[in-house]
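[1] coords please:
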Amino acid sequence: MPVFDTVRAAEFVKSLGYEEVVFAGEGFGGVIALLGAFLTDNRAEVNNLPPSFTEIASARVYHYNVMYDVYGLLRVFDIPDLLDTMKGRVIVGEVPSPGVDMGYA
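    Residues are numbered from 1 along each chain as shown. As a prediction, this is how the structure comes out:
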């Protein structure tokens with residue numbers, strides 16, 4: 001999963017002497033940034049996140065790259081749960097309202 005690569009890149013940057021790494025991303029890239037920041041206790045700046053994995057999974061038709069699949073993820077958490085957990089460590093730009101077509105529903 002791309003999150004592993006993101007976390008390893010942050011570890012490498014910190015090994016060069018940088019004290020802080022801020023993960024940034026847009027759309028599904030924002031999800032990767034959010035997960036990477038969560039796993040490493042860093043901050044994230046994200047824009048245009050999908051409202052939730054639940055909405056994607058329950059949509060009749062969606063355009064979605066399967067490389068983002070994580071089996072069983074919704075049994076544990078969803079995007080809004082991560083945002084709540086990371087208050088103070090995440091800056092969120094535009095977040096579409098549920099039902100807004102982000103290209104996957």
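[2] Which of the residues in the helix or strand of the chain at the bottom of the mean pLDDT ranking are classified as buried?
    Least confident element among the helices and strands of the chain, by mean pLDDT, DSSP states H and E: helix 53-58 (a mean of 86). Of the residues in helix 53-58, those buried by neighbour count under the rule 16 or more other Cβ atoms under 10 Å are 53, 55-56. Any C-beta I mention is one placed from the backbone N, CA and C, and that applies to glycine too.
[3] again, but for stretch 5-13
    Within stretch 5-13, the residues that qualify as buried by neighbour count (16+ other Cβ under 10 Å) are 6-7, 10.
[4] where does the protein dip in pLDDT?
    1, 68, 95-105 (pLDDT under 70).
[5] Put the alpha carbons of stretch 46-65 into PDB.
    Taking C-alpha atoms only, stretch 46-65 is exported to PDB below (Å, rounded to 0.1, in the frame of the first residue of the first chain):
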ATOM      1  CA  VAL A  46      -5.300  17.500   3.100                       C
ATOM      2  CA  ASN A  47      -7.800  18.800   0.600                       C
ATOM      3  CA  ASN A  48     -10.800  17.300  -1.100                       C
ATOM      4  CA  LEU A  49     -10.900  14.100   0.900                       C
ATOM      5  CA  PRO A  50     -13.600  11.600   0.100                       C
ATOM      6  CA  PRO A  51     -16.300  12.100   2.700                       C
ATOM      7  CA  SER A  52     -16.000   8.400   3.900                       C
ATOM      8  CA  PHE A  53     -15.100   4.900   2.800                       C
ATOM      9  CA  THR A  54     -18.600   3.900   3.800                       C
ATOM     10  CA  GLU A  55     -20.000   6.200   1.100                       C
ATOM     11  CA  ILE A  56     -17.700   4.800  -1.500                       C
ATOM     12  CA  ALA A  57     -18.400   1.200  -0.500                       C
ATOM     13  CA  SER A  58     -22.200   1.700  -0.500                       C
ATOM     14  CA  ALA A  59     -22.300   3.600  -3.800                       C
ATOM     15  CA  ARG A  60     -24.000   1.700  -6.600                       C
ATOM     16  CA  VAL A  61     -21.300   2.700  -9.100                       C
ATOM     17  CA  TYR A  62     -18.000   4.300  -8.300                       C
ATOM     18  CA  HIS A  63     -14.700   5.000 -10.000                       C
ATOM     19  CA  TYR A  64     -12.000   3.900  -7.600                       C
ATOM     20  CA  ASN A  65      -8.400   2.600  -8.000                       C
END
